[in-house]
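K.L.:
Turn this into a structure:
(chains A and B)
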Amino acid sequence: MTRAGLPGHGLARPELVGAAEADPDVQLMLRVQQGEDGAFAELFQRLAPRVLQYVRRLVGHEARAEEITQDVFVQVYRFRQRYRPESRLSTWVFTIATNLSLNELRRPERQLRVDLWEPRKDQPGSREGPPLPDPAAVDPEEGAASLELARALEVAVAGLPPKQRAALLLSRLDGMAYRDVAEALGITEGAVKALLFRATHGLRDRLRDFL
Amino acid sequence: MALAGELSDRRHGRFVRHLERCDDCRREREAYTALDRLLGNLPLEATLPARLEQVTLRRARLAAGGEVAEGRRRWFDLAFPALAATAVLVVAARLSFQEAVTMPEPSAPPPAVATAPAHHTEHGSMPAPAPRAAAGQRRRVAPAVPGEPPPELAARPDLFVNLPLLRNLDKLQHYEAIQTIAVDGEQSSG
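P.N.:
Numbering: from 1, shown residues only, chains lettered A, B, ... in the order given. The predicted model follows:
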């Protein structure tokens, strides 16, 4: 598997085949493969919010995250016939998203870009980043402190090395087991655990004032 | 590992007993538990910009269209050289076939055009007929002529009588007689 290319499916795990086929996402993808009208739009609406949030946190750049999300779904559509229901659709899609995002982070000009997750020097008060949790959903007792903590957490996550960040974010997605994260990152489960261990330690250090 | 639930029962029991008497580790554990809870509260879904879906679907359709065009172009890229190569092969095969048909006679004498005497006729001088296979000319190899006519033709000699050659055979014999018989009745040398 190349970073620029599409993920392979690895070995089919027979015990997962039945479960994967029962997955509504997989059913939807099968409809896309059969060329059903509207199926791809439905797939986009179902997965794009998670993909965009993941890519946004991974690349730390709003506009670029939207472009990469487009690229992800264009690739999903172009190579829809390559998908086999032996693996979860979300694993396949997030593998593409991870590859494209890590490619973006490796681009040389990327080093020159202002990191949107850090406060801008010309505007000390400003700080861009992903949308924070809906204030209405925040426990009123925690109030502003909770919001501040959430913002600090986003910044801390953004400060992690890309692979640690990817492993951490993928592991937090619904239903992504270590083996799915490993497949998406092209590494072993043991390597995933090591990345998560280091990521958690890193976050603990960065958030020492809050925790 | 303890937070991930990956410790064995025995090690987990030892870990819990250690926490009961170690404040530092207990604080660390609480911090990691709080961190885990925070990470669990991270919003996993973003609000999609309105235009993102339209743009993506349009790009996907274009990509699919481009795929078809690319397929056609790929076919043309392959077919054109293949057709060109086939044409070259056909021409080469035809030339080599002609070459084989008009092979030079191995025992042909050297060219003699320059030394051939002119043959004077009443219409002017004509070059003398060059020896067959002279001047590098290549003799066309005629297919082998059967010694005997096919039986069905041999059984019908009447089919031949109207051939111009046979009708003029008498004249030819007469012409030969003119050529070979002198006026005074002596045989000429021809």
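K.L.:
List the contacts of the residue nearest to the spatial centre of chain A.
P.N.:
Centroid-nearest residue in chain A, with Cα atoms, centre = their mean: residue A:54, separated by 3.0 Å. For residue A:54, the contacting residues are A:94, A:97, A:101, A:169, A:170, A:173, B:44, by Cβ atoms under 8 Å, 6 or more residues apart in numbering or on different chains. C-beta here means a position set from N, CA and C on the backbone, and glycine is covered the same way.
K.L.:
ok, now how distant is the second one from chain B?
P.N.:
Think residue A:97. In this structure, residue A:97 and chain B are 13 Å apart, going by Cβ to the nearest Cβ, to the nearest Å.
K.L.:
before we move on, which element is the nearest residue to that residue once chain neighbours are set aside in?
P.N.:
Counting by Cβ to Cβ, 6 or more residues apart in numbering or on different chains, the nearest residue to residue A:97 once its immediate chain neighbours are dropped is residue A:72, at 4.8 Å. Assigned by DSSP states H and E, residue A:72 belongs to helix A:62-78.
K.L.:
could you say what helices and strands that helix packs with?
P.N.:
helix A:39-59, helix A:89-106, helix B:50-101 (3 or more Cβ pairs under 8 Å, 6 or more residues apart in numbering or on different chains; DSSP states H and E).
K.L.:
Distance from the chain centre to stretch A:84-104, please.
P.N.:
Distance of stretch A:84-104 from the chain centroid (Cα atoms, centre = their mean, to the nearest Å) equals 9 Å.
K.L.:
My read is that residue A:198 contacts residue A:163, right?
P.N.:
No: contact criterion Cβ atoms under 8 Å: residue A:198 and residue A:163 do not qualify, at 9.5 Å.
K.L.:
Show me which residues of chain A sit near chain B.
P.N.:
When proximity is defined as Cβ under 8 Å from any Cβ of the partner chain, chain A approaches chain B at A:40-41, A:44-45, A:48-50, A:52-54, A:56, A:66, A:69-70, A:73-74, A:77-78, A:130-134, A:149-150, A:153-154, A:157, A:168, A:172-174, A:200, A:203-204, A:207, A:211.
K.L.:
swap the cut-off to 6 Å and go again
P.N.:
Residues of chain A found near chain B (Cβ under 6 Å from any Cβ of the partner chain) are A:44, A:48-50, A:52-53, A:66, A:70, A:73-74, A:77-78, A:133, A:153, A:172, A:203, A:211.
K.L.:
before we move on, the earlier item: including distance to residue A:189 and mean pLDDT, could the helices and strands packed on helix A:62-78 go into JSON lines?
P.N.:
Listed next are the helices and strands packed on helix A:62-78 as JSON lines, based on distance: least, Cβ to Cβ, whole Å; pLDDT from 0 to 100:
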{"stretch": "helix A:39-59", "distance to residue A:189": "20", "mean pLDDT": "94"}
{"stretch": "helix A:89-106", "distance to residue A:189": "13", "mean pLDDT": "93"}
{"stretch": "helix B:50-101", "distance to residue A:189": "32", "mean pLDDT": "80"}
